[in-house]
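> here is my input; please provide its structure:
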Amino acid sequence: MVNGTPALRGQQVTPGIDRVTVDGKSVEPVAESTYLMMNKPVGVLTSVGDNRGRQTVVDRLPAERPRVFPVGRLDLDSRGLVLLTDDGELAGRLMHPRYHVEKEYRVVVTGQPHEDALRQLSEGMVVSGERFEPAEVRVLDSTAGDTRLSMVLREGRKREVRRLWQALGHPVLDLQRVRIDGLTLGDLPEGGVRPLNPDELSRLRSAAGL
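Sure thing, here's the model as predicted:
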């Protein structure tokens, strides 16, 4: 039945306006979720809105954008990969510590950290009474003034990378997230947005136990 009248073969209906029933029970269309990745620039908030009028990742989406929200945090002074979706179940699992979803960062810090600093990070640290889980750290290159490293984390504490390096005496100069599990930033230009392909979505869902 469509709006109380027997349906005709091939009849078109408008979801949200027409009421479709089978044997008296309502039939709703299957909602398809949206999955986007963005290369967030510095100075853009990882948020849906801001009461101070600052630009957010959602503001940078096309005008005909779907109603999506960012998954997790990437602070104002950091850049790189942000996932946006309206799939609440996947988002919740990707952010939950129990699933140990890897997040990889490229980090530039001041100076040249000693092996002891790298060891502390790999064993886990306590900063201001807060325990941080072990991180995988690898030096990529170094100069007299700064060092570029790869860091892999499996938890998402607020400003975690910056707090850890600040505590070690090597403040962060640049921070870029390049990977969330099997989803990589690749050659997506800064500020760019694109949908995930089926293989990327499948790998993310698998990492989240779905």
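> contacting residues for residue 35?
For residue 35, the contact set (C-beta atoms under 8 Å, 6 or more residues apart in numbering) comprises 83, 84, 85, 87, 195, 196, 200, 201, 204. From N, CA and C alone the C-beta is placed, and that goes for glycine too.
> just the ones of those in strands?
83, 84, 85, 195 (DSSP state E).
> for those, which one is nearest residue 210?
Distance to residue 210, by C-beta to C-beta, is smallest for residue 85 among these, at 12.5 Å.
> residues in a beta bridge with that closest one, which ones?
For residue 85, the beta-bridge partners under DSSP bridges are residue 35, residue 69.
> isn't it up against residue 71?
Yes. The pair residue 85 / residue 71 is scored as a contact, 6.3 Å apart, by C-beta atoms under 8 Å.
> identify the contacts common to the two.
Residues touching both residue 85 and residue 71 by C-beta under 8 Å, 6+ apart: residue 91.
> and residue 84, how many residues sit next to it?
25 (other C-beta atoms under 10 Å).
> for it, what are its contacts?
34, 35, 36, 37, 38, 57, 58, 61, 68, 69, 70, 71.
> where does the protein dip in pLDDT?
15-16, 29-31 (pLDDT under 70).
> got the contact list for residue 21?
1, 27.
> my error: substitute residue 107 in the last question.
Residue 107 sits next to 148, 149, 150, 151, 161, 165, 172, 174, 175, 176 when contact means C-beta under 8 Å, 6+ apart.
> same thing with residue 61?
36, 68, 84, 193.
> on that earlier part again, show me how to select, in PyMOL, the buried members of the contacts of residue 107.
Per 16 or more other C-beta atoms under 10 Å, the buried members of those correspond to this PyMOL selection:
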select buried, resi 149+151+161+165+172+175+176
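> closest to residue 23 among the contacts of residue 107?
Nearest to residue 23 among those: residue 176, at 55.2 Å, using C-beta to C-beta.
> backbone phi and psi for that closest one, please?
Phi and psi for residue 176, reported as degrees, to the nearest 10, are phi -130, psi 130.
> with residue 90 instead?
phi -60, psi -40.
> if we ignore the residues flanking it in sequence, what's nearest it?
In this structure, residue 90 finds its nearest non-sequential neighbour in residue 208, 5.7 Å apart by C-beta to C-beta, 6 or more residues apart in numbering.
> now residue 180
residue 103 (5.5 Å).
> repeat that for residue 163.
Closest to residue 163 by C-beta to C-beta, 6+ apart is residue 127, at 5.4 Å.
> which SSE is immediately downstream of whatever helix or strand residue 106 lives in?
Using DSSP states H and E, residue 106 sits in strand 103-110. Going down the chain from strand 103-110, the next helix or strand is helix 115-123, by DSSP H and E.
> and that next one, what's buried?
Neighbour-count burial for helix 115-123 [16+ other C-beta under 10 Å]: 117, 118, 120, 121.
> now do the helix or strand that comes right after it: distance to the chain's middle.
Heading C-terminal from helix 115-123, the first helix or strand you meet, by DSSP H and E, is strand 125-127. The chain centre lies 24 Å from the centre of strand 125-127; the measure is C-alpha atoms, centre = their mean, to the nearest Å.
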